[in-house]
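In: After the sequence you'll find the predicted model.
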Amino acid sequence: MFGDEEIVDTDGTTLSEKTAIRKWGLAFTPTIMFLPDKTPKGKTAKQAAVMVMPGAFGRYTTLHAFKWVKEKGYLKDEPFQKYHARKLKTAKALTK
């Protein structure tokens with residue numbers, strides 16, 4: 001969040017790490033930005049992201065977020081929160 005290394009945003013802009021953080025409006029570490037297989041031309045990483053996880057979450061939230069993105073849940077009708085709740089219910093049923 002404070003680095004000076006140059007990076008290239010998905011819109012083609014070259015900027016420092018700390019400038020990118022301000023541009024994307026991020027405030028927490030870790031922050032995970034999940035990007036689609038192909039980013040739309042001219043969009044920043046934040047605009048193109050299919051999901052952004054700011055800060056640290058519990059193991060199941062993190063696991064389900066990775067699975068939801070891998071399964072392209074963002075292209076389906078079930079939002080992440082409902083997907084996560086369904087997966088938690090299934091996990092709890094399996095542990096009984």
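Out: Perfect, thanks for sending it.
In: ok, residue 5 touching residue 18?
Out: No: counting by Cβ atoms under 8 Å, residue 5 does not reach residue 18; the two are 9.4 Å apart. (Each C-beta comes from the backbone N, C-alpha and C, glycine too.)
In: So which of those two has more stuff around it?
Out: Using other Cβ atoms under 10 Å as the criterion, residue 5 and residue 18 rank with residue 18 on top: 13 against 8.
In: correct me, but that one touches residue 6?
Out: No: counting by Cβ under 8 Å, residue 18 stays clear of residue 6, with 11.0 Å between them.
In: what pLDDT, on average, does stretch 17-33 get?
Out: Stretch 17-33 carries an average pLDDT of 94.
In: Find the helix or strand that residue 52 is a member of.
Out: If you go by DSSP states H and E, residue 52 is part of strand 51-54.
In: From the chain's centre, how far out is that strand? Work that out for me.
Out: Strand 51-54 sits 4 Å away from the centroid of its parent chain (Cα atoms, centre = their mean, to the nearest Å).
In: Can you name the next helix or strand after that strand?
Out: helix 59-70.
In: Which parts of this structure are strands?
Out: 6-8, 14-16, 31-34, 51-54 (DSSP state E).
In: Need those strands in a markdown table (columns: mean neighbour count and distance to residue 72).
Out: Putting the strands of the chain into a markdown table (neighbours: other Cβ atoms under 10 Å; distance: least, Cβ to Cβ, whole Å) gives the following:
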| stretch | mean neighbour count | distance to residue 72 |
| --- | --- | --- |
| strand 6-8 | 12 | 25 |
| strand 14-16 | 13 | 29 |
| strand 31-34 | 16 | 11 |
| strand 51-54 | 16 | 11 |
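In: Any idea how many residues pack against residue 94?
Out: Around residue 94 sit 7 other residues, with neighbours defined as other Cβ under 10 Å.
In: Likewise for residue 45?
Out: Using other Cβ under 10 Å, residue 45 has 19 neighbouring residues.
In: hang on, it packs against residue 33?
Out: Yes: look at residue 45 against residue 33 with Cβ under 8 Å: they come within range, at 5.7 Å.
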